[in-house]
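Undergrad: this is a predicted model, with the sequence first.
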Amino acid sequence: MTDTQADHRAAISDIVHGARTALLTTVSDDGNLHARPLAVQDKAFNGTLRFLVQDGSEKVEDIARNPHVNVAIESQGGYLSIAGTATVTRDESVIDELWSPFAEAWFPDGRQDPTIRLLTVEGDSVEYWTQDAGPVGSLVQTLKAAIGKQSQPDTGHHGTVEL
């Protein structure tokens, strides 16, 4: 892996690490795109994201018909768009690993809920935008561009990584 690839992956991991929520976009049975929020379970990114979901939900049904998905993530570090393929399984050991009091709120029977499933997204590519300037610095950069002092705000970096 080149330094540039390592830099890209580090930027992606930083964004995932700072995120609390992701938007999972699936293709519905009528062919429309449908996005839903999910709690970010993994705080590191190695090409795979995992979420706890409920069997029988629309997102699980969409994935059974068409496993191609997109996951969008925002954190103070920037933004990600991860294109990939999703699978839904019942891997008890991984569910135990990801289980938390926050997850408990979404499953009526707690950890013993028989509908708990593991949604895994294997990324194919990731596009990211970092926010190196921070919120105040981004505002200053945007204002400079708005008054003509520079052509566009310079708030961070942009990159694409094929996984």
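TA: Received, thanks.
Undergrad: ok, then the element right after the helix or strand bottoming out on mean pLDDT in the chain?
TA: Least confident helix or strand of the chain, by mean pLDDT, DSSP states H and E, is helix 134-146 with a mean of 61. Following helix 134-146 in sequence order, the next helix or strand is strand 158-162 (DSSP states H and E).
Undergrad: tell me which residues of that following strand come out buried.
TA: 159, 161 (16 or more other C-beta atoms under 10 Å). Using the backbone N, CA and C atoms, a C-beta is placed for each residue, glycine as well.
Undergrad: who are the packing partners of it?
TA: Judged by 3 or more C-beta pairs under 8 Å, 6 or more residues apart in numbering; DSSP states H and E, the packing partners of strand 158-162 are helix 3-17, strand 116-130.
Undergrad: list the helices and strands the first one packs on?
TA: I take that to be helix 3-17. strand 68-75, strand 78-89, strand 116-130, strand 158-162.
Undergrad: alpha carbons only: can I get the longest one in CSV?
TA: Coordinates of the C-alpha atoms in strand 116-130 are reproduced here as CSV (Å, rounded to 0.1, in the frame of the first residue of the first chain):
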residue,chain,number,x,y,z
ILE,A,116,-31.7,-9.6,15.8
ARG,A,117,-29.6,-9.9,12.7
LEU,A,118,-26.2,-8.7,11.6
LEU,A,119,-26.1,-6.6,8.5
THR,A,120,-22.6,-6.5,7.0
VAL,A,121,-21.6,-4.2,4.2
GLU,A,122,-18.5,-5.1,2.2
GLY,A,123,-17.3,-1.9,0.6
ASP,A,124,-16.3,-1.8,-3.0
SER,A,125,-15.3,1.8,-3.1
VAL,A,126,-15.3,4.8,-0.7
GLU,A,127,-15.5,8.4,-1.6
TYR,A,128,-14.6,10.8,1.2
TRP,A,129,-14.3,14.5,2.0
THR,A,130,-12.4,15.6,5.1
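Undergrad: which secondary structure element contains Ala44?
TA: For Ala44, there is no helix or strand it lies in under DSSP H and E.
Undergrad: picking that back up, by mean pLDDT, show me the worst of the helices and strands packed on strand 158-162.
TA: For the helices and strands packed on strand 158-162, mean pLDDT drops lowest on helix 3-17, to a mean of 88.
Undergrad: and that helix, which residues are buried?
TA: For helix 3-17, burial by neighbour count (16+ other C-beta under 10 Å) applies to 8-9, 11-16.
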